[in-house]
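# quick one: sequence and predicted model below, then my questions.
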Amino acid sequence: MSIYIHIPFCKSICSYCDFCKFYYNEKWVDKYLIALEKEITSRYNNELIDTIYIGGGTPTSLNINQLKKLLQLTKLFNFKTIEFTVETNVDLDLTKIKLLKKYGVNRISIGVQTVNKKHLKFLNRNHTKEEVINLVNQLKKYDFNINIDLMYGMPNQTLAELENDLDFILSLDVNHISTYSLIIEPHTKIYIDNVTNIDEDLDYQMYRLINQKLNNYVHYEISNYAKEGYYSKHNLVYWNNLEYYGFGIGASGYVDDVRYDNTKSYQNYIDGNYVLESHRLSKKEQIENEFILGFRKLKGINIFKFKEKYKIDILNINVVKQMLNDGKLLIDDGYLKINPNDIYISNTILVNFIDLSF
């Protein structure tokens, strides 16, 4: 079992995200941490926890006492330390690094996104290359496993600018790199400001450039690249359609065949009304999720484990037979996977696994 904890606070609002809705406010944070503890104690059933992921928002934007209280909450879990990840921005200081280490955090995900000054301004960030280098070196000194987040597809971004970002990130020699094409959602600030997505052809060229530049990493999931042995164990829980708790405002979870979404209302959450909606999945829905999530992995879905889990031969499912015949799906070393040539347009394949018939 795994746990995701959402901390919806930053010291600045990202210009591209509609999920983190709160400016950093110490009184709000204090109340939130109290409510978070209450949710955990009321809903966690003492399962053995393999991975913890604390994200947001920016957990490390909390002051040192609040961050300590947040980390203390993880002591409520029956936790076997395999992977404990915390998200941070580049401004993480040494005092907080030592505190994270003390509480067993062993993986840090840094929201670098870009080091291009023009695009940093667009993202309301102001870190420098030197600050990124210094943070990575400090984290390596304390033996943290490091992920770097890279964003691309920003307005007026060129291939040359993306290549410069990639060259810089490669120079850091970290174990894991996550890449995200900017998605403009309704009601976000950039949507209201009439920012538009880049041309699809350019987006595809950027995707190809990323694959070319990161060819010494294993491209193991659509958006993720890692050195061998350093795949994100927590994210593999999602992609393998396994169960996990989600705690905090806006968090989602999957426990006992029930998928749930927590409220995004601060007041409702503080009042103890944690869950906004929940749904018990039928076997058919579980299988659909198995495809939609499992095909995010470039290795695909283990044919034997699928049959063991669902008592169905995956190769006898009609849409699978059709797509194997069309060359959209391939069988490779006991796995069923999307043809690598079609990974970029994988969504057009995944829609075929909604409302399956057997």
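Perfect, I can see it now.

# residue ranges for the helices of this structure, please.
In the chain, the helices defined using DSSP state H lie at 26-43, 64-73, 94-102, 117-122, 129-141, 159-172, 189-192, 200-213, 233-239, 266-270, 283-294, 303-310, 318-326, 346-350.

# just the residues contacting stretch 87-96, thanks.
54-61, 64, 67, 108-112, 125, 127, 131-132, 135, 138 (C-beta atoms under 8 Å, 6 or more residues apart in numbering). Glycine gets a C-beta too; all of them are placed from N, C-alpha and C.

# quick one: low-confidence parts of the chain?
For the chain, applying pLDDT under 70 flags the ranges 11-23, 184-196, 358.

# give me that answer again for 50
For the chain, the stretches with pLDDT under 50 are 16.

# what's the spacing between residue 123 and residue 41?
37 Å (C-beta to C-beta, to the nearest Å).

# do the same with residue 206
Distance, residue 206 to residue 41, using C-beta to C-beta: 45 Å.

# residue 155 now?
Plainly put, residue 155 is 45 Å away from residue 41 if you go by C-beta to C-beta.

# just the CA atoms of stretch 81-97, as CSV, please.
Output in CSV follows, covering the C-alpha atoms of stretch 81-97 (Å, rounded to 0.1, in the frame of the first residue of the first chain):
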residue,chain,number,x,y,z
THR,A,81,11.0,2.6,4.2
ILE,A,82,11.3,1.8,0.5
GLU,A,83,10.7,5.2,-1.1
PHE,A,84,9.7,8.4,0.6
THR,A,85,9.4,11.4,-1.8
VAL,A,86,8.9,15.1,-1.1
GLU,A,87,8.4,17.7,-3.7
THR,A,88,10.3,21.0,-3.5
ASN,A,89,11.2,24.1,-5.4
VAL,A,90,14.8,25.2,-5.9
ASP,A,91,14.8,27.4,-2.7
LEU,A,92,15.1,24.4,-0.4
ASP,A,93,17.6,25.3,2.3
LEU,A,94,20.1,23.2,4.3
THR,A,95,18.1,23.3,7.6
LYS,A,96,15.1,21.7,5.8
ILE,A,97,17.3,19.3,3.9
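
# so which bits of that stretch are buried?
83-90, 92, 96-97 (16 or more other C-beta atoms under 10 Å).

# likewise stretch 158-175?
By neighbour count with 16+ other C-beta under 10 Å, stretch 158-175 contains the buried residues 161-162, 165-166, 168-169, 172, 174-175.

# from what I can see residue 139 touches residue 98, true?
No - at 11.3 Å, residue 139 does not count as touching residue 98 under the criterion of C-beta atoms under 8 Å.

# what is the nearest of the buried residues of stretch 81-97 to residue 286?
Of all the buried residues of stretch 81-97, residue 286 sits closest to residue 83, with 24.6 Å by C-beta to C-beta.

# thinking again about what came up before, residue 206 and residue 41: which is more packed in?
Using other C-beta atoms under 10 Å as the criterion, residue 206 and residue 41 rank with residue 206 on top: 22 against 10.

# quick one: the more buried one and residue 150 touch, right?
No - counting by C-beta under 8 Å, residue 206 sits too far from residue 150 to count as a contact (10.5 Å).

# between residue 139 and residue 98, point out the one with more neighbours.
Taking other C-beta under 10 Å, residue 139 and residue 98 do not tie; residue 139 has more neighbours (21 against 11).

# residues in contact with the more buried one?
97, 108, 146.

# direction included, what does the longest strand anywhere in the chain pair up with?
Assignment by DSSP state E gives strand 78-88 as the longest strand of the chain. Note on strand 78-88: by DSSP bridges, its sheet partners are strand 48-56 (parallel), strand 107-113 (parallel).

# closest one of the buried residues of stretch 81-97 to residue 264?
The nearest one, if we look at the buried residues of stretch 81-97 relative to residue 264 and count by C-beta to C-beta, is residue 87, at 18.6 Å.

# which of the contacts of stretch 87-96 are buried?
Neighbour counting with 16+ other C-beta under 10 Å marks 54-61, 67, 108-112, 125, 127, 131-132, 135 as buried within these.

# enumerate every residue touching the closest residue in space to residue 146 that isn't next to it in sequence.
Using C-beta to C-beta, 6 or more residues apart in numbering and skipping the chain neighbours, the partner closest in space to residue 146 is residue 174 (4.3 Å). Contacts here follow C-beta under 8 Å, 6+ apart; on that basis residue 174 touches 136, 146-148.

# which among those gets closest to residue 284?
Using C-beta to C-beta, residue 147 is the member of those that sits closest to residue 284, with 34.5 Å.

# the closest one and residue 260, how far apart?
For residue 147, the distance to residue 260 equals 27 Å [C-beta to C-beta].

# so for the two, which sits in the more crowded spot?
Looking at residue 147 and residue 260 with other C-beta under 10 Å, you find the greater number of neighbours at residue 147, namely 24 against 19.

# verify the contact between the more buried one and residue 111 for me.
No - Residue 147 lies out of contact with residue 111 (C-beta under 8 Å); the separation is 9.8 Å.

# quick check: residue 108 vs residue 262, distance?
25 Å.

# quick revisit: can I get the contacts of residue 139 in TSV with distance to residue 349?
Listed next are the contacts of residue 139 as TSV, based on distance: C-beta to C-beta, whole Å:
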residue	distance to residue 349
97	42
108	34
146	32
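
# which one of those residues is nearest residue 78?
Nearest to residue 78 among these, with distances taken as C-beta to C-beta, is residue 108, at 23.6 Å.
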